[in-house]
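Colleague: quick one: sequence and predicted model below, then my questions.
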Amino acid sequence: MISEIAKRTIDLAVTTPSADNSQPWRFVNVGDRWEVVYHHAGSKDLFGPTGHATLLSTGALSYNLEQICGSNNTSASIDTAGNWRLSFAPPDRINEATESALRQRHTNRHPFIGSINNSPIEPIGADNQIRLQFISEPTSIRKLAEAIKICSELRFKNEELHKWLFSSLRWSPSEAETGDGLDLRTLHLPPGGKAFMKFISSWPRMSALNLLGISKAMALIDSLPVRNAPALIVISSKQEPALTWQAGHKLAEIWTNLNQAGLAVHPYYVITDIANRLQRGEFDETAAGFAKKALALSRNVLNLEADELPHIVLRIGYPTTRPERSKRKSADSFIIESQLDSL
Ligand SMILES: Cc1cc2nc3c(=O)[nH]c(=O)nc-3n(C[C@H](O)[C@H](O)[C@H](O)COP(=O)(O)O)c2cc1C
């Protein structure tokens with residue numbers, strides 16, 4: 001019998017952000033404690049248990065669990081290959097202010113306004129090996145937007161990424177009720193945008209349209225909000241699994257705090273994703289050339305060493321729209337009552 005407080009802990013923990021709202025976890029009950037294990041939906045496992053996006057999201061989950069259960073009741077470890085363990089003991093009661101802050105954190109993909117001159121993350125501060133950069137200078141913002149545009153174009157030309165994006169989309173409110181994936185209503189689409197997205201959801205059609213330059217237009221649309229952003233925050237470090245985990249932990253902390261301060265947040269992962277694909281040798285010579293150009297541009301603006309990588313770029317500003325919020329699956333659907341059930 002699973003206790004009500006354990007279910008409430010899991011329900012709140014999975015408000016954690018994950019790439020395309022994939023929520024790639026299961027929670028296994030082991031005596032008084034719970035172990036988090038990796039789980040991917042569908043037949044294609046895009047990131048894997050030790051993939052960069054998984055480590056970033058699960059590092060963020062460890063932040064949420066620490067907030068809910070307390071640091072003493074949350075335990076995390078990760079080895080140099082990226083194999084991780086995360087476990088926790090549910091608290092006796094959940095602090096109301098904590099619950100409210102974690103539930104209010106959300107993605108806003110609409111335009112932002114305002115100018116932000118002082119870094120809103122100063123009070124948070126960087127961990128030893130994690131770089132936190134606040135960027136409000138227009139030339140630097142423009143250069144990062146350019147790097148995002150180049151990477152975004154590569155993504156729209158990549159069959160695997162196209163299929164992943166479109167398999168994540170939830171087209172109707174009833175599809176969104178399944179509780180995972182990207183609810184189309186959370187995107188900032190112009191009138192007719194949904195029909196256009198449906199039109200390009202077929203890869204053969206998209207790849208034919210790419211010959212006419214559609215990927216260029218899509219990349220421009222994708223990167224324009226960054227170009228017009230009041231400010232950006234970038235989280236970077238050397239490329240080690242333990243640091244990616246820490247960066248995810250920091251991401252959740254920063255994001256929760258910014259939303260509490262009334263600032264809107266929109267993450268962009270495309271530079272990181274393209275950098276990882278480049279490293280794995282997934283691109284042909286032309287695409288690799290563009291990826292290298294975008295990375296060089298990012299490293300130059302951010303003053304990064306060759307072995308450092310931006311983990312994520314956050315577009316921030318004051319919201320113009322109260323966005324639709326992404327759903328989550330029910331706590332029950334994450335629970336495995338014993339190890340035997342998971343076999
Ligand atoms: C590792 C990671 C990468 C993400 N990349 C993007 C991105 O490139 N573009 C975007 O719009 N949202 C991105 N997101 C935001 C997620 O799509 C979002 O957190 C998820 O859909 C849940 O919605 P919520 O943040 O409103 O709870 C990313 C989130 C994470 C954790």
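Modeller: That came through, no problem. Residues are numbered from 1 along each chain as shown.

Colleague: what about the helices in the protein?
Modeller: Counting by DSSP state H, the chain has these helices, from start to end: 4-13, 52-69, 96-104, 138-156, 159-168, 173-176, 193-199, 203-210, 214-227, 241-260, 270-279, 285-302.

Colleague: closest to Gly114 out of those helices?
Modeller: Taking C-beta to C-beta as the measure, the helices of the chain were each checked against Gly114, and helix 241-260 came out nearest at 12.7 Å. Using the backbone N, CA and C atoms, a C-beta is placed for each residue, glycine as well.

Colleague: between the helices of the chain, which one is nearest to Gln129?
Modeller: Across the helices of the chain, Gln129 has its closest neighbour in helix 241-260 (5.7 Å, C-beta to C-beta).

Colleague: tell me if that closest one is near the ligand.
Modeller: No. In terms of C-beta under 6 Å from any ligand atom, no part of helix 241-260 sits within range of the ligand; the closest distance is 6.8 Å.

Colleague: show the model's pLDDT score for the residue nearest to Pro230 when sequence neighbours are not counted.
Modeller: Closest residue to Pro230 in three dimensions, ignoring its sequence neighbours and counting by C-beta to C-beta, 6 or more residues apart in numbering: Gly317, at 3.7 Å. Here, the pLDDT recorded for Gly317 equals 98.

Colleague: what does the stretch 151-300 of the chain put close to the ligand?
Modeller: With C-beta under 6 Å from any ligand atom as the criterion, the stretch 151-300 of the chain comes near the ligand at residues 182, 266-270.

Colleague: list the contacts for Gln23?
Modeller: 14, 180, 328-329, 334 (C-beta atoms under 8 Å, 6 or more residues apart in numbering).

Colleague: no no, Ser172
Modeller: With C-beta under 8 Å, 6+ apart, Ser172 has these contacts: Leu184.

Colleague: how close does it sit to Arg185?
Modeller: Using C-beta to C-beta, to the nearest Å, we find Ser172 at a distance of 9 Å from Arg185.

Colleague: just Thr54 next, same as before
Modeller: Using C-beta to C-beta, Thr54 is found at 26 Å from Arg185.

Colleague: neighbour count winner among those two?
Modeller: Neighbours per residue (other C-beta atoms under 10 Å) separate Thr54 from Arg185, with Thr54 holding more: 26 against 16.

Colleague: what sits closest to the more buried one if chain neighbours are left out?
Modeller: Among residues not flanking Thr54 along the chain, Phe47 sits closest, at 4.7 Å (C-beta to C-beta, 6+ apart).

Colleague: repeat that for Thr80.
Modeller: Spatially, and ignoring its direct neighbours in sequence, Thr80 is nearest to Pro241 (6.7 Å; C-beta to C-beta, 6+ apart).

Colleague: okay but the one you found is in contact with Thr54, surely?
Modeller: No. Taking C-beta atoms under 8 Å as the contact criterion, Pro241 and Thr54 are not neighbours in contact, 10.0 Å apart.
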